[in-house]
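A.B. asks: coords below, sequence missing:
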């Protein structure tokens, strides 16, 4: 007979990290709908429709150098050319270059008709209106041609693209001020616990300030979703059930903290079973073993543990990949680097550990990692000090100093 407990490391109901992640991603599909978005607000959004070049880029012949535009057949070290004008960026020379003539030209400026070569100014000397060439160049030198970068009608960006600063610049260069992007997932979140107090409130015996909602607010903001903070919910069955009912009516995803286990006051776990469908609730990882995942109505549900380090770890490992897929992004496994641990690390076989570490670059370019010390899931200061997780595999025991370990940089997670 199976019993619901979090105290046993070897439990048939416990999923591995990989199994849990796969179940989460299988249940996660991109949200429907798109919206028109100005480029100034499109960074990090996911493109919903293909973009094709509306014209050739560059649209005209232009100079790659500051120098002189001339006819290649006129080049001669012995015969000076007559300077007949200037072509600056935004101020083209509007007459053709004839035999024996040249035009001073700046980088990016339109190459005037008749000219087929630009000689950079470092290879010339000027005496009044006479240009002397120190050497001759191949015909076509230093000229950029229309469509050299993009041809009219050519595909530029495809749907599903996570827009970067370079992409936005590219779109602006095409004269596009708005793009169609996928709708953002809507995430409702709240924390549970009678011991939680808001900032500015007086702490009584046993009380703590509610840090989890601030963590979630920041993590959701970093990923880029439409979030709704439903506040702190007391440890009462009716309050938790009502909050979940409210959240499921307005969100694509619900995230809670606390009440994730099977204690007498853990109403979140019970509510998932009563109001929706529970997919799993135990994962062989540390921190973050109790994590309720399922669905309430049309909304996916993550019931994260109450300790703040567990909140951050489970959000990064499971909720974040789900949200990225809902945003329409491609989701890949997180990156692992190899480093030499400077410290001996405590570890019990049976769970994949995510211990907090600080990465160092050695003089030879290799990486080493040091532990932040105490690894309790309540030690939030260690998350602030750390810049990576030291990932120790499920089957591993204690790790000796000097051993090679896997590390996961926070920059890839948070």
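C.D. replies: Cool, got the structure. All of these numbers come straight from a predicted model, not from anything done at the bench.
A.B. asks: quick one: residue 313 is in a helix?
C.D. replies: Yes: assessed with DSSP: H, G, I helix; E, B strand; the rest coil, residue 313 lies in a helix.
A.B. asks: now it: how far from residue 320?
C.D. replies: If you measure residue 313 against residue 320 using C-beta to C-beta, to the nearest Å, the figure is 11 Å. All C-beta atoms are positioned from the backbone trio N, CA, C, and that covers glycine.
A.B. asks: quick one, which of these two is more surrounded?
C.D. replies: More crowded of residue 313 and residue 320, by other C-beta atoms under 10 Å: residue 313, with 24 against 20.
A.B. asks: so the more buried one sits right up against residue 356, yeah?
C.D. replies: No: using C-beta atoms under 8 Å, residue 313 is not in contact with residue 356, being 9.4 Å away.
A.B. asks: intersection of neighbour lists for these two?
C.D. replies: residue 389 (C-beta atoms under 8 Å, 6 or more residues apart in numbering).
A.B. asks: helices along the stretch 51-200 of the chain, start to end?
C.D. replies: Using DSSP state H, counting those that start in this stretch, the helices assigned to the stretch 51-200 of the chain run over residues 165-173.
A.B. asks: give me the low-pLDDT residue ranges for it?
C.D. replies: Counting by pLDDT under 70, the stretch 51-200 of the chain contains no low-confidence range.
A.B. asks: which SSE is immediately downstream of the longest helix seen in the chain?
C.D. replies: Scanning the chain for the helix with the most residues, using DSSP state H, yields helix 237-250. Downstream of helix 237-250, the first helix or strand assigned by DSSP states H and E is strand 253-257.
A.B. asks: so for that next one, what's the average pLDDT?
C.D. replies: Averaging pLDDT along strand 253-257 yields 97.
A.B. asks: work out the gap between that strand and the centre of the chain.
C.D. replies: Using C-alpha atoms, centre = their mean, to the nearest Å, the mean C-alpha position of strand 253-257 is found 21 Å from that of the whole chain.
A.B. asks: can you spell out which helices and strands pack onto it?
C.D. replies: Packed against strand 253-257 by the contact rule (3 or more C-beta pairs under 8 Å, 6 or more residues apart in numbering; DSSP states H and E) you find strand 186-192, helix 212-223, helix 237-250, strand 299-304, helix 320-327.
A.B. asks: can you tell me what sits against that strand?
C.D. replies: Residues external to strand 253-257 that are found in contact with it (C-beta under 8 Å, 6+ apart): 185-192, 212-213, 216, 225, 233, 244, 247-248, 268, 296, 299-306, 311, 315, 319, 322-323, 326.
A.B. asks: and those, which are buried?
C.D. replies: Buried members of those, counted by 16 or more other C-beta atoms under 10 Å: 185-192, 212-213, 216, 225, 233, 244, 247-248, 268, 296, 299-306, 311, 315, 319, 322-323, 326.
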